[in-house]
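>>> below: sequence and its predicted model.
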Amino acid sequence: MRCHYACGSVEHFAARRRFLTGTIAGGAAMIGGLGALTRGAAAERMAERQKRILVFNMLGGLSQLESWDPKPGTATGGPFRAIPTSVPGIHISELLPQTALQMHHLCILRGVNTSEDDHGKGAYLMMTGRRQTPAASYPELGAVAAKSLAPETSSLPGHIRIVPSGGGGRGNDAAYLGPRYSSIALGNGNPPQYTQRPDQIDAASDERRQAFRQQSDAAFLTRHRSAMTDAFLNSYDQAEQLMRQRDVFDVEKESAADHDRYGRDDFGRHCLLARRLLQHDIPFVQVTHSNYDTHNENFDFHYELVPQFDKPFATLISDLHTLGLLDDTLVVVLSEFGRTPNINLYMGRDHWSRAWSVLMAGSGVARGAVFGATNPDGTEVLEGQVDHGQLFHTYLQAVGVDSMTPIEVDGRMLPLADPAAEPIWDVLV
Amino acid sequence: MLVVVLLDVGGLGGQGSGSAGRAMAEEANPGAVSTGAANAEEIPALAHRIDAILADGALPVPRAEAEPGPLVHRLYLDLIGVPPSIDEFERYLADDASAKYAQLVDALLVRPEFVEHWAERFDVMLMERRANTNIPQDQWAAWLRQRIAERTPLNHWMADLISADGAPGPDRAAARFLLDRELDPHAVTRDIGRIYFGMDLQCAQCHDHPSIDSYLQADYHGLLGFVVSLSAVEVQDGDAKIKMVAEKPAAEAPFESVFDRGVQRRVWPHIPGCEELDQPWSIPGEELQPAAAAGHPEVPKHSRRAQLAKLIRDGEQEAFNRNLANRLWALVFGRGIVDPVDLMHAEEPRHPELLDVLAGELPRVGFDLRAMLRQLVLSEAYRRGPPPLRYQTPATDVAGQGEGKFLVPGNSPPSWLPEVLAAATARRDLLMAQVADAEGRHAQAEADFETALAASDPIENERLAALAAVDASRSAFVQSSDAAAKAEAARVASDQTLAAATSRGNALQAALDATTAALAAVGEDVELAAAVELLRQRSAAAREAIPPAQQAADANRAAFEAAKQKSDADRAALVAAQAAADQVNQRRLADHRLVVQHRQALLASSQSLAYLRAELRDVQQWIDYSELAGAGQPQQVEAVRKLETMMGERFDAMRLVPLSPEQIGWSTLTVTGQMNHYIAKHLAELEKESPATEQQRSDPAWTAERQAQAVRRARAELAGNIQAFVSLYGSGPGQPQDDFFATADQALFTSNGGSLFAWAAPGAGNVTDRMAKAASDLQAASNLYRGILGRDPTTAEIEMVRHYFATAPDQRPRLAQEMVWSLLAGAEFRFNH
């Protein structure tokens, strides 16, 4: 019937033009960009190698002022100093001395403005790239990554969250992509649920009954083969391989030396486990560190928490680089929001989403760079303002996923990212 | 006995009605069970009409009737959600009545499990596994079960879901559809669009749908208009606070497209694609009527959602009926005539006529669920087997040799292929001519629509202006009536001040008079004289206060009267503006109707064009296949698979349909004998609670009711086990629940979760037990395949069972348990087929 606009083509065309010019301009304008790859080379490599995303979710809201965007000597800056990093001209908080030495691998986005100061809603928009609405739910980054980055037949789960305890079950975070891409929570290094044969069935019986099942299925499929039955059979193969690769989830299989390097606390072990999972080509891993919701005693808490994060994180970045994985792994450090420049009566900082920072590193992202800036008090974004929708597109583009084109899911055309937003071409290389 | 019946297609030009089919068709005649079709004599049973439509113009492709085992298995799963027991299966096979299939259908429709199963299906369809935030699941499920048990017309209770207010009482549960969507107008609009009208208009919230021409932003806002003023309010219910549905007087909100900023548009509430509904004018402050009960929210005199509910309840809403028909069809056939079921639009239906006939049947049978289902499962289309393109005799065909028996290189082509190709070629030529015709008609319809739309622009603009004028006078009136109310308050206050001053003056004067009189009577008295003097002063002061109060009162009265006059005048102006807008509306109506008519004509023409094109594509597939002669085996097998998929989509063959999570759970519990065990336990408990009298025992109705009660209790007790299946096999809350997916965690649960294997353990009279006690391997194999899969084993499968038992002859119960597990874990159990 009457279409009141040119059926999307105008918008898409405009976006593509910006894409082209943005890439060229962005490559040239980036400050301190090191080792940028040309797009052609990146595309070639993409075809060869599995890409991955590693997210550090700093629960509660990491203070940008005590991490990526310090403002020493100002009314809002707090007691900590800024220190130089491995990239001349870029300074970060003195609470991150190890990370500072890895700065040449990192890209700080200091102009994040998400206008959402609620924990739940902030977490939702950072993980889905959309504002929460009761009318629709959207897949989280991990589900999109699992769907887009790993082959259909992959035997390991594609969307892993490492959580401090519990775990084992399937999350509800894949929305319309379907439960196949929902997260599997690994509680403190425990492998996924039911990956071990129960005691009452010995190996011989198990082999026998599985063989009988396979024989029966083969007979049935001579008459009824379809994509559904293929997927069904494949789920048993995946299960079997998962059981065989149970060790992938066992961080204790890593060397004592590595345990020492990462630290023997929970977060250190989680980082080491994350490295192990990424080495096994799991396309999405999320590690959490908490709790940064420092309405009271912000400086004491950050003094304690940030260094806890600093060493394992820096070790992981350096290892990924050494192992040659960083080129194919996007690392993101995010929160639900930042913290107020204003220091409250309890020496705390409250929720602040108007001017805060996100860190990116690795695949597809400029190295040793800062994008965007806030004013001297850190209360407003001066340049390079970005929001959750743009960030979400950027994460996907960084690992070679075309975030602008909808995909088909069971007969419906559905977007991977918010069609009203687009990537931050300037930080992509 | 397991022989595929290739229906006699040669002589009937693809009518697809072999002798077995005819026998079925006769027994399926209407009247066997009265389902409320008053004029059934004049119109053939729906089952026949379904088959006639599917046969119309169809190629003489082979269509196989399902084997009795799988057919009965399928029928049980579709009607009561679980497969037959061995005994039921054997009873059916042994029955030689010619009408046994129809009799079985009727028997299943009155089983207690029918109510349970269909309440579950409607729950999933309507709520899509959303959390129970306001209405507990047991209350909601009980409400649904009652609707189905009492055979409430589907459209009546679905209308109730929209008009429900959630007041405490037995029907509070009906408010779950609204309340557990947090009454967010957009969530409710989206889901009414999807679930009631089969249209996912979410994309059209901000602009016309980018890829579906018939999904307009105006339709989204038309639907939104019915529910936009709903909200949840908290009321006291005894000691608890509960939420109820409140409706405010509707306010019109203009909208604009994100692609067309600045151009404001307005629509009255309407069902997508239909005429806008006239709304009565209202005067601010006069819109509400008192609530039905104290403490409950007031309701508007004109309720828009009641208007929508009435349209649905009246049963004449084609969009609603088509969607309901499509969804019922999808629940039985595993795929909608339009699929996905919430993307109904012109481009979609492969069989638009079939959808029309099904939709038309709903009002004829009084929207009775059983009557509709009965006809669907009596159709030949329902009783088809898998596409018979690749195998000859599955009874002897195990382990993969069957792939590509007919239509692959190395095999001689089947005898029917030349005839199919000849028919396909002829039909292609016919269709090409028809497509050319239809394209011409479509272009004309498009032009007519555009013309009508353009012609309606002036009156649309006039209407927008008139509505803007109403808005202006409305806000002027709101302002002046506010002012009048304030002036009245001031008048009342100053009147009170005046009254107080006057009464004070009078009182002091009276006291002065009395004291003066007393002084005169008493004579010289210093204190009295002083009092008189004091009173004189006071009285004088009080008298002085009266004139200003009088003046203020007079001024305020005048001000009030002026304000009142202004407000009255504004009210009259509003009424006049509304009357003027009414006149414009009346004049617009003709134009609007014409636009809607042209839009519907355009829809119809794109529908028939799309239908013809789809037919052409399908026919072409057969022709393409014949041109693959020289191609390699992979391409040919691929082509055969495509043909099979197409046959499934055309309902020429039955497709595989994955069981729902609930079906997997209940079926597993049923075939392992767990269900029976729990039903028997609850029958015994019921007997202990209230022993049956001799008379009750001989009353079939009483016995049936007691059985139903035991089934309900058993299911309630086992419901927790079903949740495990729902969390593994179900999609997330608020997502479409009919998409298939298979994940490693499902397979891990099946293999290592323990419960499946434990249920398969031998227990009184269950399949494992029977197998362990069977006199021979042959009998054990028969128990296994009849009990779990509802069919007899093939010779190869009997051999498999024999071989399995031979691995450890002293452990027959254990081995039987393992084999039962294997079939429960297998594809044949996972899919309905």
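Sure thing, it's come through.

>>> ok, residues contacting stretch B:144-156?
With C-beta atoms under 8 Å, 6 or more residues apart in numbering or on different chains as the test, stretch B:144-156 has contacts from B:114-116, B:118-119, B:122-123, B:157, B:312-313, B:315, B:320-321, B:324, B:362, B:366-370. (Each C-beta comes from the backbone N, C-alpha and C, glycine too.)

>>> those residues in helices, which ones?
Among the contacts of stretch B:144-156, the members found in helices (DSSP state H) are B:114-116, B:118-119, B:122-123, B:157, B:312-313, B:320-321, B:324, B:362, B:369-370.

>>> secondary structure class for residue A:382?
The three-state assignment at residue A:382 reads strand, by DSSP: H, G, I helix; E, B strand; the rest coil.

>>> before we move on, the earlier item: the contacts of stretch B:144-156: which ones sit near chain A?
Among the contacts of stretch B:144-156, no residue lies close to chain A (C-beta under 8 Å from any C-beta of the partner chain).

>>> residue B:306 contacts residue B:163, doesn't it?
Yes. Assessed by C-beta atoms under 8 Å, residue B:306 is found in contact with residue B:163 at 5.4 Å.

>>> higher neighbour count, the two?
The residue with more neighbours, out of residue B:306 and residue B:163, is residue B:163; 20 against 17, by other C-beta atoms under 10 Å in any protein chain shown.

>>> just checking, that one touches residue B:307?
No. Under the criterion of C-beta under 8 Å, residue B:163 makes no contact with residue B:307, lying 9.5 Å away.

>>> between the two, which contacts overlap?
With C-beta under 8 Å, 6+ apart, residue B:163 and residue B:307 have no common neighbours.

>>> what does the stretch 51-200 of chain A put close to chain B?
Proximity of the stretch 51-200 of chain A to chain B, by C-beta under 8 Å from any C-beta, involves residues A:133-137, A:155, A:157, A:169-170, A:172, A:174-176, A:178-180, A:182, A:184, A:192-198, A:200.

>>> of these, buried ones?
Among those, those classed as buried by 16 or more other C-beta atoms under 10 Å in any protein chain shown are A:135, A:137, A:155, A:157, A:169-170, A:172, A:174-176, A:178-180, A:182, A:184, A:192-195.

>>> apart from its neighbours in sequence, what residue is nearest residue B:571?
Excluding the flanking residues, the one nearest residue B:571 by C-beta to C-beta, 6 or more residues apart in numbering or on different chains is residue B:477, at 5.5 Å.

>>> what is whichever strand or helix holds that neighbour packed up against?
Assessed by DSSP states H and E, residue B:477 sits inside helix B:457-522. Judged by 3 or more C-beta pairs under 8 Å, 6 or more residues apart in numbering or on different chains; DSSP states H and E, helix B:457-522 is in contact with helix B:526-626.

>>> next helix or strand past the helix it packs on?
Using DSSP H and E, the helix or strand that follows helix B:526-626 in sequence is helix B:633-649.

>>> from the centroid of chain B, which residue is nearest?
With distances taken as C-alpha atoms, centre = their mean, residue B:195 lies nearest the centre of chain B, 4.0 Å away.

>>> how about the residue nearest to that residue when sequence neighbours are not counted, what does it touch?
Excluding the flanking residues, the one nearest residue B:195 by C-beta to C-beta, 6+ apart is residue B:126, at 6.2 Å. Taking C-beta under 8 Å, 6+ apart as the criterion, residue B:126 is in contact with B:161, B:177, B:195.

>>> can you pull out the helices in the stretch 701-833 of chain B?
Using DSSP state H, counting those that start in this stretch, the helices of the stretch 701-833 of chain B run over B:744-752, B:755-759, B:767-773, B:777-784, B:795-806, B:812-824, B:827-830.
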